[in-house]
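A.B. asks: could you work out the structure for the sequence below:
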Amino acid sequence: MTKVLNDIILPDILYKYRNFSNISHRDLITKQEIYLSEPNSFNDPFDCKIPTRWDLMTQGDFDERNEKLIDIGKNICFYNNEERKRFSKHLQDNGALWSRENLKKPGKDYFDNISALSGVISLTSMPDNILMWSHYSNSHSGFCIGFDSNVLLQLNCFDFIGKVSYSKLYPIINGAFDLDLRYFLEMFSKSSDWEYEDEYRITKRHMENRLVKLPKKAFKQIVLGCTIKNEDKADLIDLIKNNLPDIHIMQAELKEYEFSLNLREI
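C.D. replies: So this is what the prediction gives:
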């Protein structure tokens, strides 16, 4: 099952904006395949590059980590206190123990490695966000797919799902934090300039295949953009009926006296 980070309550439906002219985006309908992106491909240069503050670790933090590291070998290579001491010295001589001298500030290579290993699906709670339609759905001419969040939670092909946290300053990531908390702060933190997106993320730590096939029951709703071309609309509805016949189809329309959209089922 996919683990929920930070104990959030997920919206019933999470949405992803798509461009109809992009064949791989249409594959989401025809093949039910979704792509987990590399963080380095994102348009935000700060995304997933929050540095860990190793300098905030205390000597007690280092000692605690080293005790756990040494204890890893207790069932492998030592059976008494003398062998434990020799193993500890071996780790120290090889620079494997935690110390302030061994820690290096993460650089580009570190974040490139994280990006190569990690996969991210960006979603939102809002199917009617004007800016999202403009930026991610070819100026309102594409479509938006809504996924059943409860179905997504039952899948074993992802590791985590969580809500992005927005702030003006970097979150403080102490090196002594547990791994899941550090991962959440690094992968789910963005500038408050992006808050309008109300982003939720599905992530995987170690990628084997970036393309994942979703079950048809995960697809709950498709919204057509308010400026979609008539021929594209007809083609898209055919694709939906042939591949996802049980999904609800909505049409986005401009409201008459507001800067907002109305979603009408068709």
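
A.B. asks: what's near enough to touch the nearest residue to residue 205 once chain neighbours are set aside?
C.D. replies: Taking C-beta to C-beta, 6 or more residues apart in numbering, and ignoring the residues beside it in sequence, residue 205 has residue 159 as its nearest neighbour in space, at 5.3 Å. Heads up, the C-betas are built off the backbone N, CA and C, glycines and all. Residue 159 sits next to 2, 3, 203, 204, 205 when contact means C-beta atoms under 8 Å, 6 or more residues apart in numbering.

A.B. asks: farthest pair in those residues?
C.D. replies: Checking the contacts of residue 159 against each other with C-beta to C-beta, the farthest-apart pair comes out as 2 and 205, at 12.1 Å.

A.B. asks: which one of the two has more residues nearby?
C.D. replies: Regarding residue 2 and residue 205, a neighbour count based on other C-beta atoms under 10 Å identifies residue 2 as having more, with 19 against 14.

A.B. asks: for the residue lying closest to the more buried one once chain neighbours are set aside, helix, strand, or coil?
C.D. replies: Sequence neighbours aside, residue 158 is the residue nearest to residue 2 in space, at 4.5 Å (criterion: C-beta to C-beta, 6+ apart). In terms of secondary structure, residue 158 is coil; the call rests on DSSP: H, G, I helix; E, B strand; the rest coil.

A.B. asks: ranges for the strands of the protein?
C.D. replies: Listed in chain order, the strands of the chain (DSSP state E) span 3-4, 13-18, 33-35, 119-124, 143-148, 160-163, 165-167, 189-191, 199-204, 211-213, 219-224, 248-254, 261-265.

A.B. asks: tell me which of those lies nearest to residue 177.
C.D. replies: Smallest distance to residue 177 across the strands of the chain (C-beta to C-beta): 13.0 Å, for strand 189-191.

A.B. asks: so which elements touch that closest one?
C.D. replies: The elements that strand 189-191 packs onto, with contact taken as 3 or more C-beta pairs under 8 Å, 6 or more residues apart in numbering; DSSP states H and E, are strand 165-167.

A.B. asks: who does the strand it packs on pair up with?
C.D. replies: Here strand 165-167 has these sheet partners by DSSP bridges: strand 189-191 (parallel).

A.B. asks: any buried residues in the partner strand, and which?
C.D. replies: By neighbour count, and taking 16 or more other C-beta atoms under 10 Å as the criterion, the buried residues in strand 189-191 are 189, 190.

A.B. asks: stretch 150-160 now?
C.D. replies: Residues 152, 157, 158, 159, 160 are the ones in stretch 150-160 that count as buried (16+ other C-beta under 10 Å).

A.B. asks: what of stretch 49-66?
C.D. replies: Buried residues in stretch 49-66 (16+ other C-beta under 10 Å): 49, 50, 52, 53, 54, 57, 61, 62, 65, 66.

A.B. asks: dump these into a markdown table; add pLDDT and distance to residue 144 as well.
C.D. replies: Rendered in a markdown table, the data for those read as follows (pLDDT from 0 to 100; distance: C-beta to C-beta, whole Å):
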| residue | pLDDT | distance to residue 144 |
| --- | --- | --- |
| 49 | 92 | 28 |
| 50 | 91 | 29 |
| 52 | 86 | 35 |
| 53 | 86 | 38 |
| 54 | 82 | 41 |
| 57 | 82 | 44 |
| 61 | 78 | 45 |
| 62 | 78 | 48 |
| 65 | 75 | 45 |
| 66 | 75 | 50 |
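
A.B. asks: from those residues, pick the one nearest residue 177.
C.D. replies: In terms of C-beta to C-beta, no member of the buried residues of stretch 49-66 lies closer to residue 177 than residue 52, at 8.4 Å.
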